[in-house]
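Enquirer: A predicted structure for the sequence below; I have some questions about it.
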Amino acid sequence: MKYLIIILVTIFSCAKIQAASLTVSSPDGKIVVTVDDKQQPNYKITLENKTVISASKLGMAFKSADSFGKGFVISANNKNSVKTSWTQPWGERKNVIDQHNELLVTFTSTKESHFNVRFRVFDDGVGFRYEVAKQKGLDQVEITDEFTEFVIENPKDATAWWIPARGWNRYEYVYNTTDIASIDRAHTPFTAKLSNGIHISIHEAALVDYAAMTLDQQRPGTLKADLTPWSDGVLVKTKTDFKSPWRTIQISKDAVGLLNSDLILNLNEPSKLEDTSWIEPGKYVGIWWGMHISENTWGSGDIHGATTSETKRYMDFAAKHGFAGVLVEGWNIGWDGDWYHNGDLFNFTKTYDDFDLKAVTEYGLKQNVRLIGHHETSGNVSNYRDQMSDAYALYEKHGVRQVKTGYVADAGNIKRVDEHGIVRKEWHDGQFMVNEYLHSVTEAAKHKISINTHEPIKDTGLRRTYPNWLAREGARGQEFNAWGTPPNPPEHAAILPFTRMLAGPMDFTPGIFNLGFNGLGADTNRPQTTLAKQLALYVVLYSPIQMAADLPRNYEANLAAFQFIKDVPTDWQESKAIAGEVGDFVVFARKERNGNDWFVGALTDENARELTLKLDFLEANKRYEAQIYRDGKKANWIDNPYEMIIEQKEVTAKDILQLPLATSGGVAIRFKALN
Ligand code: NOJ
Ligand code: CA
């Protein structure tokens with residue numbers, strides 16, 4: 001026995017001297033991460049022994065200190081396992097399970113400098129982040145490069161869905177579908193189907209006080225972290241101790257698995273707000289689409305949208321149909337000049353003469369409808385910051401609980417005045433703006449105001465930590481159908497769930513009923529969908545706030561279809577993606593919070609298809625009335641988008657529905673619990 005113990009000890013110490021290699025696997029054992037220090041710190045990932053990420057470098061470089069990278073060896077490690085759950089104040093599901101195995105690896109150089117990489121491996125993917133402690137030569141830190149790679153095998157045989165990074169239009173691009181080798185620089189979430197069929201999405205979680213990560217393809221298949229710089233070229237300015245955001249890889253055998261992942265939320269910190277009772281998910285209408293289709297103007301004049309009387313008319317409409325809020329854009333001074341290019345004009349506390357803030361908010365509150373505020377900055381964030389506290393206080397005084405913010409400058413053109421009074425131009429996704437967006441959210445919280453950011457920094461799951469950050473844009477929304485070149489193509493909403501939506505809620509603003517405001521056909525600006533697909537969007541594209549984006553008169557003209565928008569909730573007990581392929585089609589089932597009804601939304605790209613929907617997600621032993629809104633037999637998005645059949649059927653969990661989806665069509669169903 002004594003002899004045996006000595007042998008074991010010897011083997012153990014030998015392993016420590018050789019180039020070290022450590023592994024950590026997911027709770028179900030299928031995903032394995034291997035970390036080693038051969039040549040330079042690196043990691044790789046497999047799923048059921050198939051390669052997901054090949055050996056990929058780790059490390060970073062500094063302006064005034066030696067790089068973390070070559071020459072660093074593994075000097076210590078620590079393992080941990082977690083199984084817990086937590087609840088969301090609002091969300092796609094109330095209870096979230098967090099089960100993962102953790103490996104903390106310390107890399108040390110001969111000069112005794114050191115850094116940690118913390119890996120967390122879940123059944124649905126991997127997150128890792130850098131943790132850098134105080135040490136000699138590292139106090140104030142300027143990061144000038146991050147070496148992190150995501151190396152993909154056979155990049156020519158892998159398909160990716162991606163939008164370009166560092167382009168002038170921020171995140172508002174039509175998605176590209178290409179092989180991986182054809183990518184230049186891409187934003188995240190970056191989604192791909194690998195040559196072995198595995199689906200992955202590379203993104204980040206908990207982006208706080210750091211630059212956003214984009215992916216730069218260096219050699220074919222080598223996607224390297226490319227952090228968006230400050231105007232002076234530095235990537236990140238910080239001081240030790242610091243942590244990077246989590247670099248995340250969601251991993252699934254099939255496309256649907258990506259949709260059912262909670263990885264991003266699980267890697268964020270718990271809520272910093274103790275009382276969240278004032279945060280109100282819900283549906284809204286607004287003085288908005290009229291401007292986008294040029295029936296109204298933001299600025300003053302004959303067709304000014306944001307007038308007292310028009311707002312009262314919207315408040316009446318909201319109250320009549322059960323909407324919680326009315327968004328009003330163009331109420332404040334600043335829209336009359338070249339507002340897109342000149343954010344200096346905006347005053348966030350002075351109204352136009354024909355808009356009486358006190359009168360409209362009082363009028364609304366009498367009917368349980370709140371005004372939803374709006375602050376367009378046009379990218380002049382210093383102008384906004386100077387007025388922010390007064391602006392939120394004014395809205396708070398009038399009972400406003402939600403403000404939509406906007407940053408419509410071209411990317412790289414955010415204007416700020418620095419501490420020396422010098423004007424600087426920053427990126428929307430650089431560290432400066434990452435902090436600025438969060439600043440508006442934490443300032444708003446002091447006034448019990450929630451934020452919906454347009455032209456935002458991408459979502460990285462911060463709603464868990466700051467639940468008053470309700471939603472954001474960060475992709476092409478409905479507005480592009482009014483004036484975009486081209487408008488969103490039929491496959492757009494079949495790509496979004498697998499890309500942008502993996503990051504978090506989007507204020508897409510669905511529900512356009514008048515699809516032919518410029519005439520129907522394939523060559524006009526219009527939503528390139530059927531009417532049923534507009535309804536399906538409410539279930540497919542998750543957001544705790546959903547707009548009924550069209551003009552009241554278009555809803556009044558089709559109250560039967562409008563009923564679905566009135567019935568659909570925005571807060572869920574449970575959500576399940578049932579089927580889908582990236583860019584082709586997708587099917588979601590969601591159960592309302594505080595009730596027993598289920599809702600289904602399904603939509604397709606430019607191809608018509610037949611959906612076989614098993615109802616086994618419904619509770620056994622319950623009967624439901626299925627209220628179905630589906631494409632008619634001859635419906636197609638180009639010239640017959642309105643043909644829709646609304647029908648009711650009694651069903652149980654044992655039933656299967658056969659549902660035809662037209663070209664760029666969809667189906668929306670409410671399963672009303674009967675017992
Ligand atoms: C762009 C936003 O996405 C849109 O919703 C808003 O109406 C305009 N900016 C004006 O602020
Ligand atoms: Ca926008």
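Expert: Looks like it arrived, so ask away. Numbers count the residues shown, from 1 in each chain. Ligands and ions are numbered 1, 2, ... in the order given.
Enquirer: use CA for all of it now, contacts and neighbours both
Expert: Noted.
Enquirer: Quick check: phi and psi at residue 561.
Expert: In this entry, residue 561 is assigned phi and psi values of phi -70, psi -40 (degrees, to the nearest 10).
Enquirer: what about whatever residue of the stretch 201-350 of the chain ends up closest to ligand 1, neighbour count?
Expert: Closest approach of the stretch 201-350 of the chain to ligand 1 (C-alpha to the nearest ligand atom) occurs at residue 288, with a separation of 6.0 Å. The burial count assigned to residue 288 is 23, neighbours taken as other C-alpha atoms under 10 Å.
Enquirer: residues contacting residue 550?
Expert: The neighbourhood of residue 550, defined by C-alpha atoms under 8 Å, 6 or more residues apart in numbering, consists of 285, 289, 511-514.
Enquirer: go with 7 Å
Expert: 289, 511-513 (C-alpha atoms under 7 Å, 6 or more residues apart in numbering).
Enquirer: Just give me the closest of these to residue 395.
Expert: Using C-alpha to C-alpha, residue 289 is the member of the contacts of residue 550 that lies nearest residue 395, at 22.6 Å.
Enquirer: hang on, isn't that closest one packed against residue 552?
Expert: No - with contact defined as C-alpha atoms under 7 Å, residue 289 does not reach residue 552; the gap is 10.4 Å.
Enquirer: Compare those two (neighbour count), which wins?
Expert: Using other C-alpha under 10 Å, the more surrounded residue of residue 289 and residue 552 is residue 289, with 21 against 17.
Enquirer: Check what pLDDT the more buried one gets.
Expert: With respect to pLDDT, residue 289 has a value of 98.
Enquirer: Equivalent analysis for residue 4, please.
Expert: Looking at residue 4, its pLDDT reads 37.
Enquirer: and if you look at the one 5 residues further on?
Expert: Confidence at residue 9, expressed as pLDDT, is 33.
Enquirer: try the one 5 residues further on
Expert: Reading off the per-residue confidence, residue 14 sits at a pLDDT of 34.
Enquirer: Got the domain ranges for the protein?
Expert: According to automatic domain parsing, the chain is divided into the following domains: 3-266, 283-474, 533-675.
Enquirer: Was I right to think residue 454 contacts residue 473?
Expert: Yes - between residue 454 and residue 473 a contact is recorded at 4.8 Å, counting by C-alpha under 7 Å.
Enquirer: Pick out whichever of those two has more residues nearby.
Expert: Each of residue 454 and residue 473 had its neighbours counted (other C-alpha under 10 Å), and the higher figure belongs to residue 473 (24 against 20).
Enquirer: show me the contacts for that one.
Expert: With contacts taken as C-alpha under 7 Å, 6+ apart, residue 473 has the following neighbours: 453-456, 506-508.
Enquirer: next structured bit after the helix-or-strand element of the chain with minimal mean pLDDT?
Expert: Across the helices and strands of the chain, mean confidence by mean pLDDT, DSSP states H and E is lowest for helix 2-17: a mean of 35. Downstream of helix 2-17, the next assigned helix or strand under DSSP states H and E is strand 21-25.
Enquirer: which other helices and strands contact that next one?
Expert: strand 31-36, strand 95-108 (3 or more C-alpha pairs under 7 Å, 6 or more residues apart in numbering; DSSP states H and E).
Enquirer: Nearest to residue 180, out of these?
Expert: The stretch from the helices and strands packed on strand 21-25 with the least distance to residue 180 (C-alpha to C-alpha) is strand 31-36; that distance is 22.3 Å.
Enquirer: Please name the nearest non-neighbouring residue to the residue in the stretch 301-450 of the chain positioned nearest to ligand 1.
Expert: When you check the stretch 301-450 of the chain against ligand 1 by C-alpha to the nearest ligand atom, the closest residue turns out to be residue 376, at 4.9 Å. In space, residue 376 comes closest to residue 406 once its chain neighbours are excluded; the distance is 4.4 Å by C-alpha to C-alpha, 6 or more residues apart in numbering.
Enquirer: show me the contacts for that neighbour.
Expert: 375-378, 453-455.
Enquirer: let's see it at 6 Å
Expert: By C-alpha atoms under 6 Å, 6 or more residues apart in numbering, residue 406 lies in contact with 376-377, 454-455.
Enquirer: how about the helices in the protein?
Expert: Secondary structure of the chain (DSSP state H): helices at 2-17, 255-259, 263-266, 289-292, 308-321, 357-365, 381-397, 431-446, 479-483, 492-495, 531-540, 552-556, 559-567.
Enquirer: Output those in a markdown table, with distance to residue 121 appended to each entry.
Expert: Formatted as a markdown table, the helices of the chain follow (distance: least, C-alpha to C-alpha, whole Å):
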| stretch | distance to residue 121 |
| --- | --- |
| helix 2-17 | 23 |
| helix 255-259 | 15 |
| helix 263-266 | 9 |
| helix 289-292 | 44 |
| helix 308-321 | 46 |
| helix 357-365 | 48 |
| helix 381-397 | 38 |
| helix 431-446 | 26 |
| helix 479-483 | 38 |
| helix 492-495 | 26 |
| helix 531-540 | 28 |
| helix 552-556 | 47 |
| helix 559-567 | 39 |
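Enquirer: What's the local residue count around the closest residue in space to residue 389 that isn't next to it in sequence?
Expert: Nearest in space to residue 389, with sequence neighbours left out and distances taken as C-alpha to C-alpha, 6+ apart, is residue 443 at 7.1 Å. Using other C-alpha under 10 Å, residue 443 has 15 other residues around it.
Enquirer: Show me which residues of stretch 602-613 are buried.
Expert: 602-606, 608-609, 611, 613 (16 or more other C-alpha atoms under 10 Å).
Enquirer: swap that for stretch 402-422, please
Expert: Quick answer for stretch 402-422 (16+ other C-alpha under 10 Å): 402-416.
Enquirer: Over to stretch 192-206?
Expert: Along stretch 192-206, the positions that meet the burial threshold by neighbour count (16+ other C-alpha under 10 Å) are 192-195, 197-206.
Enquirer: With pLDDT as extra columns, can I get the residues you listed in JSON lines?
Expert: Formatted as JSON lines, the buried residues of stretch 192-206 follow (pLDDT from 0 to 100):
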{"residue": "192", "pLDDT": "98"}
{"residue": "193", "pLDDT": "98"}
{"residue": "194", "pLDDT": "98"}
{"residue": "195", "pLDDT": "98"}
{"residue": "197", "pLDDT": "98"}
{"residue": "198", "pLDDT": "98"}
{"residue": "199", "pLDDT": "99"}
{"residue": "200", "pLDDT": "99"}
{"residue": "201", "pLDDT": "99"}
{"residue": "202", "pLDDT": "99"}
{"residue": "203", "pLDDT": "99"}
{"residue": "204", "pLDDT": "98"}
{"residue": "205", "pLDDT": "99"}
{"residue": "206", "pLDDT": "99"}
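Enquirer: out of those residues, what pair is the most spread apart?
Expert: Looking across those, with C-alpha to C-alpha as the criterion, the two at the greatest separation are 195 and 206, at 29.8 Å.
Enquirer: nearest residue to residue 57 other than its sequence neighbours?
Expert: Taking C-alpha to C-alpha, 6+ apart as the measure, residue 57 lies nearest to residue 42, with 4.3 Å between them; neighbours along the chain are not counted.
Enquirer: any idea how far the one you found lies from ligand 1?
Expert: Distance check for residue 42 against ligand 1: by C-alpha to the nearest ligand atom, to the nearest Å, it reads 40 Å.
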